[in-house]
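Trainee: Show me the folded form of this:
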Amino acid sequence: MTHLESLVEHYGYFIIFIVLILGIVGLPMPDEIFLTYVGYNVFLGKMSLYYALLIAMVGAIIGISISYLLGQKLGLPFIRRFGPRVKISEKNIDWVHTRFHKYGGVFLLSGYFLPGVRHITAYIAGITTYRYLYFAFFAYLGAVIWVSSFIMLGNILGSNWVIITHYLPQFSKIMWILFFIWLVYFFISHRAPKKKY
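Mentor: Prediction:
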């Protein structure tokens, strides 16, 4: 994090834009901690809340749009070529396609708060040819909520912003547990045999 702090000091708003794009596309960036630190800089008066929010939102939106386009242009041919080697069949692809078209909005909107999930939801949306207008609505709204939450958190916490580094791992674990429970429920409820009358 010290390195990112130094980058913020030297490059200001520009580095917010770059880190958000790279982090969303998939590079291992501590996005939430970084955004909270940006909020802390707003608290100190070193940055404008308006510009910090705007630039972070634009970076996140561009990053997730790049992921969507990569999934759309490269994802499906790649999976069809190499998928069979790891037991991914056409049937599996069709199943994901159907489910994502039905529940994709939920994943795109909430996936930002699950490290790892936000990096793949846009790729899957592109691979399954999820309609762009739906993708844009849910993904961009999710970006606005996610960015605003952590920048505002840093601004509210002020000099105590570093506590996020202690609580974020626990928060992520809780979110993953809830997500896993939801997935188990989803698979059980959708695979349960229909009753015959």
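Trainee: For the protein, name the helix or strand with the lowest mean pLDDT.
Mentor: helix 164-191 (a mean of 60; mean pLDDT, DSSP states H and E).
Trainee: What values do phi and psi take at the residue nearest in space to the middle of the chain?
Mentor: Centroid-nearest residue in the chain: Arg118, 2.4 Å away (criterion: CA atoms, centre = their mean). According to degrees, to the nearest 10, the main-chain angles of Arg118 amount to phi -60, psi -20.
Trainee: Let me see the contact set for it.
Mentor: Ile24, Ile64, Gly111, Tyr112, Trp146 (CB atoms under 8 Å, 6 or more residues apart in numbering). Just so you know, the C-beta spots here come from the backbone N, C-alpha and C atoms, and that holds for glycine as well.
Trainee: Tabulate those in JSON lines, adding columns for pLDDT and secondary structure.
Mentor: As requested, these are exported to JSON lines (pLDDT from 0 to 100; DSSP: H, G, I helix; E, B strand; the rest coil):
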{"residue": "Ile24", "pLDDT": "87", "secondary structure": "helix"}
{"residue": "Ile64", "pLDDT": "92", "secondary structure": "helix"}
{"residue": "Gly111", "pLDDT": "80", "secondary structure": "helix"}
{"residue": "Tyr112", "pLDDT": "81", "secondary structure": "helix"}
{"residue": "Trp146", "pLDDT": "92", "secondary structure": "helix"}
